[in-house]
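Trainee: Pasted the sequence and its predicted model underneath.
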Amino acid sequence: MAAAALDNANPTILSASQLPTRQRKVASRQGPDTKYDEFILSRPSYLSRPFCDDQVAWPRGDVGADEFAAEAIDEQEIYDLISSMTDPEHPVSLGQLSVINLPDIHITPSPALGVPDSNTIVQVSVEITPTITHCSLATVIGLGVRVRLEQVLPPNYRVLVSCKENSHAQDDQVNKQLGDKERVAAALENDALKGVIDKMLETCA
């Protein structure tokens, strides 16, 4: 697409270091089940002098203990899934253009309540912010986000994508299209549109 035809030829682009990332610390184990940890998890005598060098680190039980425990999908994980998608007009990600923002992702019920069972319907709501209020590709971007999440999330997750309030001159029409399953299905049967969305998804891990 020629530069002159771009809706927004000079968008503000964030650097990778400005994008939100997970800052997770593993909590130490606590409670009555840790009563004998000092004894059970201490360094064995045969790994001490004179048999072994005491300088070799010995991992404690609270280090990485929850590394493989199941965790609920949270807003940061949703952000990570879609922020790397490429914008249809610019060779940068939706995260770098601030089209996708972490505070605009909401999950119900809250991930803080734990991992939902497969019978619990989880609502994932994503509000997109077009780079300009008359962006002609807002619906395409929204469709791309919806397709991406529906491809990777468990079947009990329901995805709702919409334009953030007052971020687009025709946000009501865009939201109506994005919220209509039949319209979405019909749009995805369009080979040209599907090609654009596939291109957007190429940069997703």
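Mentor: Yep, it's here.
Trainee: For this structure, name the helix or strand with the lowest mean pLDDT.
Mentor: helix 37-40 (a mean of 61; mean pLDDT, DSSP states H and E).
Trainee: which residues are contacting the following helix or strand past that helix?
Mentor: Following helix 37-40 in sequence order, the next helix or strand is helix 75-82 (DSSP states H and E). The set of residues external to helix 75-82 that reach it, using CB atoms under 8 Å, 6 or more residues apart in numbering, is 20-22, 94-95, 100, 102, 105-107, 111, 124, 126, 145, 148-149, 152, 204. Backbone N, C-alpha and C define where each C-beta goes, glycine included.
Trainee: For PyMOL, what selects the buried ones among these?
Mentor: Per 16 or more other CB atoms under 10 Å, the buried members of these correspond to this PyMOL selection:
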select buried, resi 94+95+100+105+107+111+124+126+145+148+149+204
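Trainee: Return the subset of the contacts of helix 75-82 lying in helices.
Mentor: Under the assignment DSSP state H, the contacts of helix 75-82 contribute 145, 148, 149, 152 to helices.
Trainee: can you redo the residues you listed as CSV with pLDDT and distance to residue 198?
Mentor: Below are those laid out as CSV (pLDDT from 0 to 100; distance: CB to CB, whole Å):
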residue, pLDDT, distance to residue 198
145, 96, 14
148, 95, 11
149, 96, 15
152, 95, 15
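Trainee: all strands of this structure, in order?
Mentor: Under the criterion DSSP state E, the chain carries strands at the ranges 105-108, 122-128, 157-163.
Trainee: Which among the ones you listed is found nearest to residue 169?
Mentor: Between residue 169 and the strands of the chain, the tightest spacing by CB to CB is seen for strand 157-163, at 9.9 Å.
Trainee: how about the CA coordinates for the closest one, as CSV?
Mentor: In CSV, the C-alpha atoms belonging to strand 157-163 read as follows (Å, rounded to 0.1, in the frame of the first residue of the first chain):
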residue,chain,number,x,y,z
TYR,A,157,-13.6,-18.8,26.5
ARG,A,158,-15.8,-16.2,24.8
VAL,A,159,-14.1,-13.3,23.0
LEU,A,160,-15.6,-9.8,22.6
VAL,A,161,-13.6,-7.3,20.7
SER,A,162,-14.8,-3.7,20.4
CYS,A,163,-13.4,-0.2,19.7
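Trainee: helices or strands up against it?
Mentor: strand 122-128, helix 138-152, helix 171-179 (3 or more CB pairs under 8 Å, 6 or more residues apart in numbering; DSSP states H and E).
Trainee: which residues touch the residue nearest to residue 159 when sequence neighbours are not counted?
Mentor: Of all residues not flanking residue 159 in the chain, residue 149 sits nearest, at 4.6 Å (CB to CB, 6 or more residues apart in numbering). When contacts are counted by CB under 8 Å, 6+ apart, residue 149 touches 78, 81, 82, 124, 126, 157, 159, 161.
Trainee: ok, now residue 159?
Mentor: Counting by CB under 8 Å, 6+ apart, residue 159 has contacts 124, 126, 146, 149, 150, 153.
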